[in-house]
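Student: let me see the structure of the following:
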Amino acid sequence: MGRSVAVVGCGQTNHSRRRTDVTQVGLAREAAQRALADADLTMEDIDSVIIATGPVLFAAVNQPDKWIVDALGAQGKPVVRVTSGGGTGLAGALAGVNQIAAGTHERVLVVAYDKLSEGALQYSISTLYDPFWGREFAVGIMGFSASYWRSRIKPLGHTEEAAAMVAVKNRKNAMLNPYAHVKKEVSVDDVMNSRYLCSPIKLLDVPPISDGACAVVLSSESAAKNSPDPAWIRGMAYMAEAENAIRRSMRQSEPLTLAAAKVYKQAGITNPRRQCDVVEVQEPYTCFELSYYEGLGLTREGGAAELIASGATQIDGDIPVNPSGGCAGANPIGAAALIRLAEVVQQVRGRAGDHQIPGAKVGLCQAGGGWANLRGVSVVSAQKN
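Tutor: Numbers count the residues shown, from 1 in each chain. Here you go, the predicted structure:
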């Protein structure tokens with residue numbers, strides 16, 4: 001990775017269905033100011049800024065990075081915008097990590113946000129389909145996700161009941177998260193009896209639509225020497241595969257497997273189930289969390305249903321997944337992936353509050369974008385090595 005990189009500050013906004021109290025730039029600034037305060041720094045200490053947002057139609061503003069420069073006080077600094085669907089936040093973090101690892105900057109502020117209440121979410125997602133072969137049949141991301149899930153039910157045992165257990169777990173955990181948008185516990189029966197949106201996806205398999213932002217301050221080792229509790233990026237990667245589902249497996253996510261393998265090698269992880277203390281995944285629907293258990297190597301192929309049923313991924317299990325509640329608690333799409341990173345950072349810093357995993361020292365996070373064809377993974381730890 002080149003030079004070592006640490007996260008020295010994190011900031012999240014309160015997420016909600018509609019943040020009518022702030023503009024989009026106000027939302028981004030809120031997260032940035034919290035991250036800078038957490039790092040005990042000001043914008044004068046920042047060398048570069050990464051703005052991470054969803055596609056422009058998500059929030060109905062073209063080139064929002066130009067608007068945000070003034071709001072952040074980033075005039076005279078390099079400002080780059082990154083977008084990659086649901087994985088945007090982690091892709092933005094990777095851009096910042098690479099700037100520091102390469103030696104071009106000492107401190108980078110990464111700000112990710114989406115104000116989905118002001119855009120056209122499902123319409124804009126539908127426009128991502130191939131205009132010749134898929135767009136006329138587009139139903140947002142849900143139609144693809146339903147097909148993705150259905151292809152895994154019989155061969156891998158990713159049943160509706162197993163996915164319902166994911167929903168129950170994550171919504172219960174979100175009750176402990178002060179930033180969560182949705183705070184309402186549900187039962188397996190509640191999930192199973194909720195109405196179908198696109199079979200097998202049901203209403204309670206789906207995350208909310210949220211307005212929110214997240215920011216992190218990245219630092220080189222030398223610039224982090226006065227930070228009291230930095231979290232170290234031990235590995236980070238972002239991989240892609242073909243956009244057309246015909247050209248890829250619906251049973252296995254090749255980019256997730258590749259990204260995980262690369263990151264585990266960087267971090268010296270040979271058994272993620274035993275070596276990682278906490279996991280955060282960006283699950284756009286409950287079925288995806290099941291697939292991530294297998295793709296990240298937390299269980300064997302076809303073992304996800306057994307893993308969730310065993311209680312291992314509960315907040316008090318041996319491999320807690322989404323103690324924050326994940327996307328079930330809040331889902332500002334452009335920020336969702338950076339929230340996953342910020343959550344594991346706060347866990348290894350011992351600052352996760354009511355959903356803190358006792359003794360967490362190594363955290364794993366995952367995010368993805370596109371048509372499930374873009375996947376990112378990162379490992380962070382309390383110790384540099």
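
Student: which residues sit in contact with the most centrally placed residue in the chain?
Tutor: Compute the mean C-alpha point of the chain, and by CA atoms, centre = their mean the closest residue is Ala337, 2.1 Å away. By CB atoms under 8 Å, 6 or more residues apart in numbering, the contact set of Ala337 is 86-91, 93, 112, 282, 367-369, 376. Yep, even glycine has a C-beta here, placed from its N, CA and C like the rest.

Student: one more pass at 6 Å, please.
Tutor: 87, 89-90, 282, 367 (CB atoms under 6 Å, 6 or more residues apart in numbering).

Student: what strand or helix carries it?
Tutor: Take DSSP states H and E as the rule and Ala337 turns out to sit in helix 333-348.

Student: likewise Tyr238?
Tutor: For Tyr238, the host element (DSSP H and E) is strand 231-240.

Student: so which of the contacts of Ala337 is the most crowded?
Tutor: When neighbours are counted by other CB atoms under 10 Å, Gly89 leads those with 39 neighbours.

Student: would you confirm that that one contacts Ala335?
Tutor: Yes - taking contacts as CB atoms under 6 Å, Gly89 lies within contact range of Ala335: 5.4 Å.

Student: any residues in contact with both of those two?
Tutor: Ala112.

Student: circling back: packing partners for the strand holding Tyr238?
Tutor: Contact here means 3 or more CB pairs under 6 Å, 6 or more residues apart in numbering; DSSP states H and E; on that basis strand 231-240 packs against strand 5-12, helix 88-101, helix 254-267, strand 374-381.

Student: can you list these in TSV and add distance to Val108?
Tutor: Output for the helices and strands packed on strand 231-240, formatted as TSV (distance: least, CB to CB, whole Å):
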stretch	distance to Val108
strand 5-12	9
helix 88-101	4
helix 254-267	19
strand 374-381	15
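
Student: could you single out the most deeply buried of those?
Tutor: The highest mean neighbour count among these, using mean count of other CB atoms under 10 Å, belongs to strand 374-381: a mean of 28.

Student: now Gly157. Nearest residue, chain neighbours left out?
Tutor: Ala305 (4.6 Å; CB to CB, 6 or more residues apart in numbering).

Student: next up, phi/psi of Gly317, please.
Tutor: phi -80, psi -180 (degrees, to the nearest 10).

Student: also Cys276?
Tutor: Dihedral pair for Cys276: phi -100, psi 140, per degrees, to the nearest 10.

Student: re the thing from before, dump the helices and strands packed on strand 231-240 to TSV, plus mean pLDDT.
Tutor: Listed next are the helices and strands packed on strand 231-240 as TSV, based on pLDDT from 0 to 100:
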stretch	mean pLDDT
strand 5-12	98
helix 88-101	96
helix 254-267	94
strand 374-381	95
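
Student: now for these, which one comes closest to Ile50?
Tutor: helix 88-101 (4.6 Å; CB to CB).

Student: quick one: buried residues of the helix or strand just after the closest one?
Tutor: Helices and strands here follow DSSP H and E; after helix 88-101, the next one along the chain is strand 107-115. Going by neighbour count (16 or more other CB atoms under 10 Å), the buried part of strand 107-115 is 107-115.

Student: can you name the two of those that sit furthest apart?
Tutor: Top of the distance list for those (CB to CB): Arg107 and Lys115, 26.5 Å.

Student: and Val22, that's in a strand?
Tutor: No - under DSSP: H, G, I helix; E, B strand; the rest coil, Val22 falls outside any strand and is assigned coil.

Student: quick one, strands of the protein?
Tutor: Along the chain, the stretches classed as strands by DSSP state E are 5-12, 48-53, 79-82, 107-115, 196-198, 201-202, 211-220, 231-240, 278-281, 362-369, 374-381.

Student: who wins for proximity to Ala312 among the ones you listed?
Tutor: Across these, closest to Ala312 is strand 278-281 (CB to CB), at 10.7 Å.

Student: rewinding a little: which residues are contacting the strand holding Tyr238?
Tutor: So strand 231-240 is contacted by 5-7, 91, 94, 97, 255, 258-259, 262-263, 266-267, 345, 348-349, 374-381, 384 (CB under 6 Å, 6+ apart).

Student: how far away is the closest residue to Ser187 other than its chain neighbours from Thr313?
Tutor: Leaving out its chain neighbours, the residue that sits closest to Ser187 by CB to CB, 6+ apart is Val168, at 6.4 Å. Distance of Val168 to Thr313, computed by CB to CB, to the nearest Å: 11 Å.

Student: looking at the two, which is more packed in?
Tutor: Thr313 (26 against 22).

Student: does that one touch Val321 like I think?
Tutor: Yes - using CB under 6 Å, Thr313 is in contact with Val321, at 4.0 Å.

Student: state the number of residues packed around the residue nearest to Gly157.
Tutor: Residues near Ala305, counting by other CB under 10 Å: 20.

Student: returning to that earlier point: closest one to His355 among the strands of the chain?
Tutor: Using CB to CB, these put strand 278-281 closest to His355, at 9.6 Å.

Student: sorry, back to before: do you know which of the helices and strands packed on strand 231-240 lies nearest Ala328?
Tutor: strand 5-12 (15.9 Å).

Student: so what angle separates the directions of that closest one and helix 88-101?
Tutor: 140 degrees (axes from the mean of the first three to the mean of the last three CA atoms, to 10 degrees).
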